[in-house]
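Q: Provide a 3D model corresponding to the input given below.
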Amino acid sequence: MKDKFAKNINRYRKEKGLTQEALARQLGVTYQAVSKWENEQAMPDISLLPEISKILKVSVDKLLGYISYDKQVTIYEKEYETSQYYGGVNPNPDCYKVLELMPPTKHLKLLDIGCGEGKNSVFFARNGYDVTAFDIADAGIEKTKKLADIVGVNVKVFKADILDFRLSTHFDILFSSGVLHYVKPDYRQEIFHNYKSFTNNDGMHFLNVYVQKPFIAPPPEKEPYSYLWKSGELLSYYHDWLIESCPEIIIDCNSSGIPHQHAINKIISKKY
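A: Prediction:
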């Protein structure tokens, strides 16, 4: 718990633009005390946790590293609870670009960000990648495990919120499809810095985001925690990487039973 608290208080303090001295002043403690918390040398008195939570605007559970949700975060949590696979079991076509550009001719660690019901994660594992995946939906995680068992492959899957989870180990490939619109704009720079920092040299990112266009009507699904991207925004985070491709396309969708369209920006980029 101490290590998780140290990382979280450091992260949320910086997100609020507070120095250790400023936080200490508001809490009525010394800056050395805050420094010890962030360096895993000590924990604050339990009576301080509510005030820390109030100042940093984050729950005590999150500060301590626990995942606790009292509200639905995505519209898919209920959809995944059915026996059928909501998104099917065939991989996203973008998975084949990973095979083409980074074939598993050697040991490659791949992270599937927001794996849903696991169709892409299982596809990658079946083709020889060392796959780790996470999602926020319990039902999606269980279906990922079930699909992996049926196919006979290993996928290391766990529950995490994309807003809270940060990489602490390196990967060769980061893959994400239809998930990054859950990242609030204020979090994007810090999250992508983390993703890039924990990508091995010669590693690649295969990502897509939904972008806002005035000629595309809002989707019929009502998602209160969805934040569309702007054209070119995703590309801006990869100015220092090699851009293999970055197309923007319009796709037809019928996921809700109501025909509609999405504007999507994809990026394939490589770290040198």
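Q: hey, where'd the strands end up in the protein?
A: Here the chain has its strands, by DSSP state E, at 109-113, 130-135, 155-159, 171-176, 199-211, 242-245, 248-253, 260-270.
Q: now these in TSV, please, with extra columns for mean neighbour count, mean pLDDT and distance to residue 99.
A: All C-beta atoms are positioned from the backbone trio N, CA, C, and that covers glycine. Compiled in TSV, the strands of the chain are given as follows (neighbours: other CB atoms under 10 Å; pLDDT from 0 to 100; distance: least, CB to CB, whole Å):
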stretch	mean neighbour count	mean pLDDT	distance to residue 99
strand 109-113	25	98	11
strand 130-135	24	96	13
strand 155-159	18	93	17
strand 171-176	22	98	11
strand 199-211	20	97	11
strand 242-245	12	98	14
strand 248-253	12	93	20
strand 260-270	19	96	13
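Q: tell me which of those strands sits nearest to residue 65.
A: strand 155-159 (12.5 Å; CB to CB).
Q: pipe the strands of the chain into TSV and attach distance to residue 95 per row.
A: Shown next, in TSV, are these (distance: least, CB to CB, whole Å):
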stretch	distance to residue 95
strand 109-113	10
strand 130-135	11
strand 155-159	14
strand 171-176	8
strand 199-211	8
strand 242-245	15
strand 248-253	16
strand 260-270	12
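Q: nearest to residue 48, of the ones you listed?
A: strand 155-159 (28.1 Å).
Q: could you check the angle strand 130-135 makes with the closest one?
A: Taking axes from the mean of the first three to the mean of the last three CA atoms, to 10 degrees, one finds strand 155-159 and strand 130-135 inclined to each other by 20 degrees.
Q: ok, strand 155-159: who's next to it in the sheet?
A: In the sheet, strand 155-159 lines up against strand 130-135 (parallel) (DSSP bridges).
Q: how far off centre is the partner strand?
A: 11 Å (CA atoms, centre = their mean, to the nearest Å).
Q: what does that strand contact?
A: Residues outside strand 130-135 that contact it (CB atoms under 8 Å, 6 or more residues apart in numbering) are 107-116, 118, 121, 124-125, 141, 144, 153-160, 165, 171.
Q: so where's the stretch 1-150 of the chain uncertain?
A: 1, 66-81, 83, 85-86, 88 (pLDDT under 70).
Q: where do the helices sit along it?
A: Using DSSP state H, counting those that start in this stretch, the helices of the stretch 1-150 of the chain run over 2-15, 20-27, 31-38, 49-56, 60-63, 76-79, 95-101, 119-126, 138-151.
Q: most neighbours per residue, which of these?
A: helix 119-126 (a mean of 24; mean count of other CB atoms under 10 Å).
Q: returning to that earlier point: which of the helices of the stretch 1-150 of the chain sits closest to residue 198?
A: Between the helices of the stretch 1-150 of the chain, helix 2-15 lies closest to residue 198; by CB to CB that is 13.5 Å.
Q: quick one: contacts of the closest one?
A: 20, 23, 34, 37-40, 43, 52, 56-58, 62-65, 166, 186-187, 190.
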